[in-house]
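J.: no sequence for this one, just the structure:
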């Protein structure tokens, strides 16, 4: 797994960058249940919200692409029974001390690199072209507002012209109908001729 793939698993919750227990379990190649059991056996290492915390239902739903509580999936073990734990950078570092396998060590290095690169991006200065892009966007918005205002004026002008044409046609129809004498439709009787 690359640094970018891991960065996509990092979420911002309560002002901290975290990885969920299920994502960590996938990275380490273990079941979420087993990861959480290891954490509970060493809970003193994880005391405090700066290491890990359990998400609220709203937080879990906002992270998930769909509501994880709305419907039950078919199949055993495919539904979330407990709210997930969120591990901060410190919590992930602490996990490396309780999981001692080659995979855990390798994955932990990649996770730490991902956290560091995110920290670097967050602390890096805004690029020089950012301000010029903001100015261009502002200018485009003003142009669009001017175009929409002009179009609205044109629409009102066209509407007034169409109303005038309609009124003129109504008057012409009224004059022509009064001037015409209508002949009766049908057969003529001998007495009418």
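T.: Cool, the structure landed. On a predicted model such as this, the values are computed, not experimentally measured, just so you know.
J.: mean confidence score for the helix ranked longest in the chain?
T.: In the chain, taking DSSP state H as the definition, the longest helix is helix 129-179. If you average the pLDDT over helix 129-179, you get 81.
J.: before we move on, what about stretch 6-24?
T.: The average pLDDT within stretch 6-24 is 88.
J.: once you drop chain neighbours, what's closest to residue 110?
T.: Nearest residue to residue 110 in three dimensions, chain neighbours excluded: residue 6, at 5.7 Å (C-beta to C-beta, 6 or more residues apart in numbering). For glycine as for every other residue, the C-beta is placed from the backbone atoms N, C-alpha and C.
J.: check which helix or strand covers the one you found.
T.: Applying DSSP states H and E as the criterion places residue 6 in helix 3-9.
J.: what packs against that helix?
T.: Packing partners of helix 3-9 (3 or more C-beta pairs under 8 Å, 6 or more residues apart in numbering; DSSP states H and E): helix 21-28, helix 102-123.
J.: any chance you could list what contacts that helix?
T.: Helix 3-9 is contacted by residues 19, 20, 23, 27, 110, 111, 113, 114, 117, 118 when judged by C-beta atoms under 8 Å, 6 or more residues apart in numbering.
J.: what's the distance between residue 13 and residue 39?
T.: From residue 13 over to residue 39 the distance is 17 Å, taken as C-beta to C-beta, to the nearest Å.
J.: neighbour-wise, which of these two wins?
T.: Legend: neighbour count by other C-beta atoms under 10 Å for residue 13 and residue 39, higher for residue 39 (22 against 17).
J.: that one touches residue 98, doesn't it?
T.: Yes - Residue 39 is within contact range of residue 98, at 7.2 Å (criterion: C-beta atoms under 8 Å).
J.: can you list the domains in this protein?
T.: Dividing the chain into domains by automatic domain parsing, as the record does, gives the ranges 3-123, 129-180.
J.: out of these, nearest to residue 187?
T.: Closest approach to residue 187 among the domains of the chain (C-beta to C-beta): domain 129-180, 21.7 Å.
J.: about what we covered before: dump the domains of the chain into CSV; add distance to residue 190 as well.
T.: What follows is these, written out as CSV (distance: least, C-beta to C-beta, whole Å):
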stretch, distance to residue 190
domain 3-123, 86
domain 129-180, 27
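J.: just these: most buried one?
T.: Highest mean neighbour count among the domains of the chain (mean count of other C-beta atoms under 10 Å): domain 3-123, with a mean of 15.
J.: next one: that domain to chain centre, how far?
T.: 22 Å (C-alpha atoms, centre = their mean, to the nearest Å).
J.: show me what the longest helix of the chain packs onto, helices and strands only.
T.: Judged by 3+ C-beta pairs under 8 Å, 6+ apart, helix 129-179 is in contact with no other helix or strand.
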